[in-house]
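Novice: Could you look at this predicted model? Sequence included:
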Amino acid sequence: MTDDKPDIRPYSPGLEGVIAAETSLGYVDGVAGRLLYRGYRIGDLVERGTFPAVANLLWTGDWRPGHRLATGPLPDAVLTALRSLPGDAKPMDALRTAVSVWGATQGLAWPPTPEQARAVTAFSPTALAAFARIRSGEDPIEPDPSLDLVPGFLYQLTGRRPDDGTARALDAYFIVGAEHGLNASTFAARVIVSTRSDIASAVCGAIGALKGPLHGGAPSEVVEQIHTVGSPERAEQWVRETLDRGERLMGFGHRVYRAYDPRAAALRKVAESLQHPPEWLALAIAVEDVALRVLAERHPERALKTNVEFYAAPVLQGVGLTPDLFPATFALARHAGWTAHVLEQAADNRLIRPDARYTGPAERDLPT
Ligand code: COA
């Protein structure tokens, strides 16, 4: 409302349906259940790529399957900051803090570069692994430059070099988590860098956005639900009772996908080929069958299919990560997409500054 005339410009709460950027990075086709990175199908990238090759594809547009990227060093200032955090700090808070301190040590200047994108993507796994060890009373482990980023992260987390199958499974998870269009955290990163701020600030803001439960998802809740079901015979009754109570089935439904999430399809294959899958994987598959059938029965008007979180849970648990590290591990993967969007935004920058419709009082005098 204003004194003059009503503001009739369109308003879309949550910016739903608003085109707020052009991108050549990721294409999310919700109707057909397709996800493409620079035109390449996610399933093909998982089968034939590695996370460093996929990240490089996003940053540069070049497909170089042999491209390597090891985890990066931990500046002393970051180590000091991580050691000063309370032991029960959330891994996402620790990661956001680490990236902030890292940025302060890098002298990052505008415009952001692919080298900066590589550096922050390589730094963060070291920081998260260091935090996880410090909180359990262990010393951080130096990066091993002979290992690629994902096996390097697992090595710095556990002190053991992972076997190929384990490293490959987590690498697949990193590939499917790398990019997903103009989601909230990616948009936050683009907004920040559009002010000509630096790439570390953009990644800190993106981590903050991803931390929210509406975005970061909760594969850990999938684990809890599957444990509650207990056995395949109880699946049908549990699904019906959960829906009768008005609760949601974790790992189903999506704002964009109306078809089976292609990331879930890729991760299901990975979960099934794990050398040490969690013992509840077979139960999860049984629950999925029942859930899809009952959701279709209850919601004939809206396709509610399996989403990425459902099979992220067994993959992450199967490679030995504890559920409280799941969201921050997702953030490590999404660094590739965030930073690629930062580069894309900076290459053709316009300050992102939408309008708000004013709904407050008309002009008036202060009370005397
Ligand atoms: N279980 C049961 N019912 C579900 C459901 C689920 N997982 N997801 C959606 N629905 C139902 C809603 O209850 C709603 O029914 P109603 O119209 O009778 O109230 C209808 O489907 C539409 O839901 P809506 O909340 O409008 O969909 P959305 O696009 O806003 O939600 C999610 C998308 C992902 C937030 C939602 O599907 C969800 O909460 N899923 C579970 C959590 C999850 O797996 N998150 C990870 C996402 S990657």
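Specialist: Nice, I can see it.
Novice: Every contact and neighbour count from this point should use C-alpha atoms.
Specialist: OK.
Novice: does stretch 164-178 come close to the ligand?
Specialist: No - Stretch 164-178 does not reach the ligand (Cα under 6 Å from any ligand atom); its nearest approach is 10.7 Å.
Novice: so Ala312 sits right up against Asp171, yeah?
Specialist: No - Ala312 lies out of contact with Asp171 (Cα atoms under 8 Å); the separation is 11.8 Å.
Novice: So which of the two has more stuff around it?
Specialist: Ala312 (31 against 22; other Cα atoms under 10 Å).
Novice: My impression was that the more buried one belongs to a strand - is that right?
Specialist: No - per DSSP: H, G, I helix; E, B strand; the rest coil, Ala312 lies outside any strand segment and is helix.
Novice: Now do the SS call for Ser220.
Specialist: Three-state call for Ser220 (three-state DSSP): helix.
Novice: got a list of what it touches?
Specialist: 313, 323-324, 326 (Cα atoms under 8 Å, 6 or more residues apart in numbering).
Novice: wait, which of those is closest to Pro143?
Specialist: Using Cα to Cα, Phe326 comes nearest to Pro143 of the contacts of Ser220, at 21.0 Å.
Novice: Show me which residues of the helix or strand containing the closest one are buried.
Specialist: Assigned by DSSP states H and E, Phe326 falls within helix 326-347. Residues 326-346 are the ones in helix 326-347 that count as buried (16 or more other Cα atoms under 10 Å).
Novice: In the stretch 201-350 of the chain, where is pLDDT below threshold?
Specialist: 217-218 (pLDDT under 70).
Novice: wait, the stretch 1-150 of the chain
Specialist: Scanning the stretch 1-150 of the chain for pLDDT under 70 picks out 1-4.
Novice: Just the helices from it, written as ranges.
Specialist: Here the stretch 1-150 of the chain has its helices, by DSSP state H, counting those that start in this stretch, at 42-48, 51-60, 76-83, 91-106, 114-135, 149-158.
Novice: hmm, back to that, any residue of the helix holding Phe326 up close to the ligand?
Specialist: No - applying Cα under 6 Å from any ligand atom, one finds helix 326-347 separated from the ligand by no less than 11.6 Å.
Novice: Run the chain-centre distance for that helix.
Specialist: Distance of helix 326-347 from its chain centroid, counting by Cα atoms, centre = their mean, to the nearest Å, is 8 Å.
Novice: elements contacting that helix?
Specialist: Packing partners of helix 326-347 (3 or more Cα pairs under 8 Å, 6 or more residues apart in numbering; DSSP states H and E): helix 51-60, helix 91-106, helix 114-135, helix 164-177, helix 184-194, helix 199-211.
Novice: Now do the second one against helix 326-347, angle only.
Specialist: Translated: helix 91-106. Here the directions of helix 91-106 and helix 326-347 differ by 40 degrees (axes from the mean of the first three to the mean of the last three Cα atoms, to 10 degrees).
Novice: Number the chain from 546, please
Specialist: Sounds good: first residue 546 from here, last item helix 636-651.
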